[in-house]
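Undergrad: What follows is a predicted protein model with its sequence.
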Amino acid sequence: MTAMDATATVESDQRRLDAYDPAAVEAKWRRIWDQRGDYHTDVDSAARPFYNLMMFPYPSAEGLHVGHIIPFAGGDIYGRWRRLKGDDVFEPMGFDAFGIHSENYALKIGEHPAVVMRRAVNNFRENQLKRIGSMFDWSHSVNTADPAYYRWTQWVFLQLFKAGLAERREGAVNWCPSCLTVLADEQVENGHCERCHTVVETRFLMQWWLKITRYAQQLLDALDTLDWSESTKTMQRNWIGRSEGATVLFDLEGCRRKDVTVYTTRPDTLYGATFLVVGADHPDLEDFVPPERLGEINAWRNRLPRERGEPDFSVGIALGSHAVHPLTGDRIPVWAAPYVLGGYGTGAIMAVPAHDERDWQFARQHGLPVVEVISGGDVAASAYTGDGVLVNSGEYSGAPADEGKRRIVGRLQELRRGEPSVQYKLRDWLISRQRYWGPPIPIIYCPDDGPVAVPEQDLPVRLPELEDFRPTGTGVSPLAQVEDWVNVPCPTCGKPARRETDVSDTFLDSSWYHLRYPSTDFDDVPFDPERTRKWLPVDMYIGGNEHAVRHLLYARFVMRVLHDLGMVDEPEPYTRFRAHGMIVMGGAKMSKSRGNVLNPDEYIERYGADTFRLFMMSLGPYMEGGDFHDEAIAGIPRFLHRVWRATQLATDPDRDNEMKERRRHRFIKEMDDDIANLRYNTAISAMEIFARALDQDAATGSGRRVDAETLLTCLAPFAPHITEELWERTGHDGSVHAPGSWPGYDDDLARPQDVSIAVQVNGKLRATLTVDAGTDADTLQELALALPRVQQLLGGQQPKRVVARVDRVVNVVV
RNA sequence: GCCGAGGUGGUGGAAUUGGUAGACACGCCAGCUUGAGGGGCUGGUGAGGGCAACCUUGUAAGGGUUCGAGUCCCUUCCUCGGCACCA
């Protein structure tokens, strides 16, 4: 056949190809996969289980926006790749359907949250999630608002309760006096209600807390064992906020209380303590006050503004009592001020104005003495917080700061007046919500037996069908109105008792959902031990960093508790976690209130899911985020069109062409490396290059079938429908997604055989040289110096120095 | 203020251990093609200069180390995310 004939044949072939119709192709394969059950994972017999999880959505009324596609498509690409590599991938999806946002929305439109949710979940699943081509196994889905699920959320609470990790005590809540309701922290925008902008007040209610602080050290230490995005681990470390220091006991004079312990990270500055400060919100502040001044101090305290804003160091009051310095015996005044937090450390501090910025500010405002005890700064001008040598510190003067720390703490220990101490910023987890749309906390209050756990066989405590679920304005949950639900006999003694009427935090719902997915078909246990052993911990978890702290920390805490109770083997829920970047629009998060929500449906409608997935993944590095622009989407259909044409025309059975084999192996290696590291944008670039090369081969009749197969398999995780269609059209029987069918590569073949060497003169590129890979430095130097261009630039001079690096560069220095 | 991640063409973004800056794509320009429609294909495209081969310059700003710096070090500025009186 002549070249002309070949061209003619190719052209007629091209005419025979019908056009790529994404809508038809995608509908066809969705149906076939569904009928064949391709993505039902056999959770019992899986030989190489791989649990691929993405954070489940909260099903809002407005539907998914384009930002949601990042985790769902990105996680799915990873899962599909693992499946092609031979793993038995389990990829479930569910709905975080409880919570204050759904409730508020339901309130707004005057419908029942259960109705709103049913509609939203249905829309999410049928119209959105099922269309994006992800291989979710819908036979293992969860809905946190379903009694079959929240029954076990309540069970989880009871395990914590029985382990002594749930505690009822008074806690502050945000209260909006205009909306007459309790507000979640995220509904408060710098001290004001997000809806009516009224100043939010603080109310104290008896509430349930989970004692996550007991696990602070474990949660911190175990971070080192996790393969998580570094940024996420850093945020958790900061949130846990471990600090090391010492406690110091000061005797008190002139008040009811005889002594007080303070916490400091700088015991070396003890001699510089010129006053003591108790947090203005300290629960026992009155005990620090001389009795005759109680009225005055309480009045002062009640006048303090409730909002927290910029620290105001002018606010503070001398209580009139005194503390005795444990080493010098000096009497120093005791103050109260809001710049000290009553809830952190011991709620009181020794103030060392010379060496602490805040104490310095406060001392200056109130005319308190500043005594330098660490040399190295000018404490008259500003606090010096650096290191130095102790001065004005009695027998410790002259010691370096770290030695001073040790010796002073040692001395305090001898005197039984102090000891080393570790503090954490982490607070206990407040789970009580005075609302309707959540799982009732399964506790019954008995006048005789106190709070009693609802017996496990009585779970779930169903959320009553309530017509009027509006907040009551009294600060109690609307559930309190349902008399026949509230009044129950005590499970222990049978006497009349009352149910807890608060519901739990939605983060409790999601703190254990990964344990439920594999076991959704069990209704007698929350998670089957065998299934759990097989599937947990989650192998890959993908989600947004907005959950870096709360969700991910609570889930770790709950897993660890269940582990300590012997219920799960592993102490950590997620072996590997990757935070994807956040897509914003016009620099702001997408949200309905900002009016910048873009719906993926329209894109899928117009371009198809394959194009949309590829486009979203090509925007930039997966772990970074950025502004969403759709201008560049046009490049993706062009690429798919090229794949459509090239793979169907590539029929050459040749498998031996060395140049093409090298190209193919290099391509596979690149795909493997990129996908493994979630570098989807560069993977797509590699496919575009490979597809173009194949297309050019195909145009001359030399497109190889094996290249087409390789391209389709590599593209399959990204564009599952079109690749399946082309796989069929190119005469294959099975699925392109068949487990284990990812092509292998040979490292030697993947290495380039020729390399292009940069030839520089005085560091400037003047020529290039193509040589066999691995050509030794002496040869490179010789070849480079022989180049006419180099000779010309040398102009007869001898080079002063020649640097040659194998496979890289030759630099001739004159 | 503290912690973390960044700053590369008109745009999104590529660049192994320091070794040819700008891969791939959008946009734009030119040509071809078609049933002129926001279609398809091919080529060009950092900036300045030159008919050209080429030259100069260029990765937020300034300085430094090096044969060689987007990459390493120091200083400054800016953007994004988190924490914000945590003693």
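TA: Good, I have the coordinates.
Undergrad: Please look at residue A:220 and residue A:240 and confirm they touch.
TA: Yes. Here residue A:220 reaches residue A:240: they are 4.8 Å apart, a contact under CB atoms under 8 Å. Just so you know, the C-beta spots here come from the backbone N, C-alpha and C atoms, and that holds for glycine as well.
Undergrad: Neighbour count: those two, which is higher?
TA: Each of residue A:220 and residue A:240 has its neighbours counted (other CB atoms under 10 Å); residue A:240 has more, 21 against 18.
Undergrad: Kindly report the residues of the stretch 151-300 of chain A close to RNA strand B.
TA: A:230-231, A:234-235, A:238-239, A:241, A:243, A:245, A:263-266, A:279 (CB under 7 Å from any atom of the strand).
Undergrad: got any ranges where the stretch 401-550 of chain A has weak pLDDT?
TA: A:471-473, A:475 (pLDDT under 70).
Undergrad: go on, the stretch 51-200 of chain A?
TA: If you take pLDDT under 70 as the line, the stretch 51-200 of chain A has these spans: A:184-187, A:189-191, A:194-195.
Undergrad: Please apply the same query to the stretch 701-814 of chain A.
TA: Checking the stretch 701-814 of chain A against pLDDT under 70 turns up nothing.
Undergrad: could you pull out the helices for it?
TA: A:705-715, A:720-729, A:747-750, A:777-786, A:788-794 (DSSP state H, counting those that start in this stretch).
Undergrad: Then the stretch 351-500 of chain A?
TA: With DSSP H, counting those that start in this stretch as the criterion, the stretch 351-500 of chain A has helices at A:357-366, A:401-414, A:483-486.
Undergrad: Can you tell me which of these is most buried?
TA: Among the helices of the stretch 351-500 of chain A, the stretch with the highest mean neighbour count (mean count of other CB atoms under 10 Å) is helix A:357-366, at a mean of 19.
Undergrad: Can it be said to contact RNA strand B?
TA: Yes. Shown here: helix A:357-366 in contact with RNA strand B (CB under 7 Å from any atom of the strand) through residue A:358.
Undergrad: CSV for the residues of the stretch 151-300 of chain A next to RNA strand B, including secondary structure?
TA: Below are these laid out as CSV (DSSP: H, G, I helix; E, B strand; the rest coil):
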residue, secondary structure
A:230, helix
A:231, helix
A:234, helix
A:235, helix
A:238, helix
A:239, helix
A:241, coil
A:243, strand
A:245, strand
A:263, strand
A:264, strand
A:265, coil
A:266, coil
A:279, strand
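Undergrad: Can you say which of the residues you listed are buried?
TA: A:235, A:239, A:245, A:263-264, A:266, A:279 (16 or more other CB atoms under 10 Å).
Undergrad: how about a markdown table for the residues you listed, with distance to residue A:638 and pLDDT added?
TA: Formatted as a markdown table, those follow (distance: CB to CB, whole Å; pLDDT from 0 to 100):
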| residue | distance to residue A:638 | pLDDT |
| --- | --- | --- |
| A:235 | 40 | 91 |
| A:239 | 46 | 93 |
| A:245 | 62 | 93 |
| A:263 | 64 | 95 |
| A:264 | 65 | 95 |
| A:266 | 64 | 94 |
| A:279 | 64 | 91 |
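Undergrad: From those residues, pick the one nearest residue A:759.
TA: Within those, distances to residue A:759 taken as CB to CB reach their minimum at residue A:235, with 47.8 Å.
Undergrad: What separation do you get for the residue nearest to that closest one when sequence neighbours are not counted and RNA strand B?
TA: Distances taken as CB to CB, 6 or more residues apart in numbering place residue A:548 nearest to residue A:235, at 4.4 Å, with adjacent residues excluded. Per CB to the nearest atom of the strand, to the nearest Å, residue A:548 is found 7 Å from RNA strand B.
Undergrad: sorry, back to before: now tabulate the residues of the stretch 151-300 of chain A next to RNA strand B in JSON lines and tack on distance to residue A:291.
TA: Output for these, formatted as JSON lines (distance: CB to CB, whole Å):
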{"residue": "A:230", "distance to residue A:291": "55"}
{"residue": "A:231", "distance to residue A:291": "53"}
{"residue": "A:234", "distance to residue A:291": "49"}
{"residue": "A:235", "distance to residue A:291": "46"}
{"residue": "A:238", "distance to residue A:291": "42"}
{"residue": "A:239", "distance to residue A:291": "41"}
{"residue": "A:241", "distance to residue A:291": "37"}
{"residue": "A:243", "distance to residue A:291": "35"}
{"residue": "A:245", "distance to residue A:291": "33"}
{"residue": "A:263", "distance to residue A:291": "27"}
{"residue": "A:264", "distance to residue A:291": "29"}
{"residue": "A:265", "distance to residue A:291": "34"}
{"residue": "A:266", "distance to residue A:291": "33"}
{"residue": "A:279", "distance to residue A:291": "21"}
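Undergrad: thinking again about what came up before, for the helices of the stretch 351-500 of chain A, give me JSON lines that also has distance to residue A:677.
TA: Output for the helices of the stretch 351-500 of chain A, formatted as JSON lines (distance: least, CB to CB, whole Å):
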{"stretch": "helix A:357-366", "distance to residue A:677": "42"}
{"stretch": "helix A:401-414", "distance to residue A:677": "41"}
{"stretch": "helix A:483-486", "distance to residue A:677": "53"}
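Undergrad: Which one of the ones you listed lies nearest to residue A:113?
TA: helix A:483-486 (17.0 Å).
Undergrad: Around RNA strand B, pick out the residues from the stretch 601-750 of chain A.
TA: That would be A:618-621, A:624-627, A:629, A:631-632, A:634-635, A:637-639, A:641-642, A:679, A:681-682, A:684-685, A:688-689, A:692, A:695-696, which are the residues of the stretch 601-750 of chain A within reach of RNA strand B (CB under 7 Å from any atom of the strand).
Undergrad: how much space between whichever residue of the stretch 101-250 of chain A sits closest to RNA strand B and residue A:214?
TA: Closest contact between the stretch 101-250 of chain A and RNA strand B, by CB to the nearest atom of the strand, is at residue A:243 (3.2 Å). Residue A:243 sits 17 Å away from residue A:214, going by CB to CB, to the nearest Å.
Undergrad: same deal with residue A:175?
TA: According to CB to CB, residue A:175 and residue A:214 sit 29 Å apart.
Undergrad: With neighbour numbers in mind, choose between these two.
TA: With neighbours defined as other CB under 10 Å, residue A:175 and residue A:214 compare such that residue A:175 has more, 20 against 15.
Undergrad: Remind me which helix or strand that one belongs to.
TA: strand A:166-176 (DSSP states H and E).
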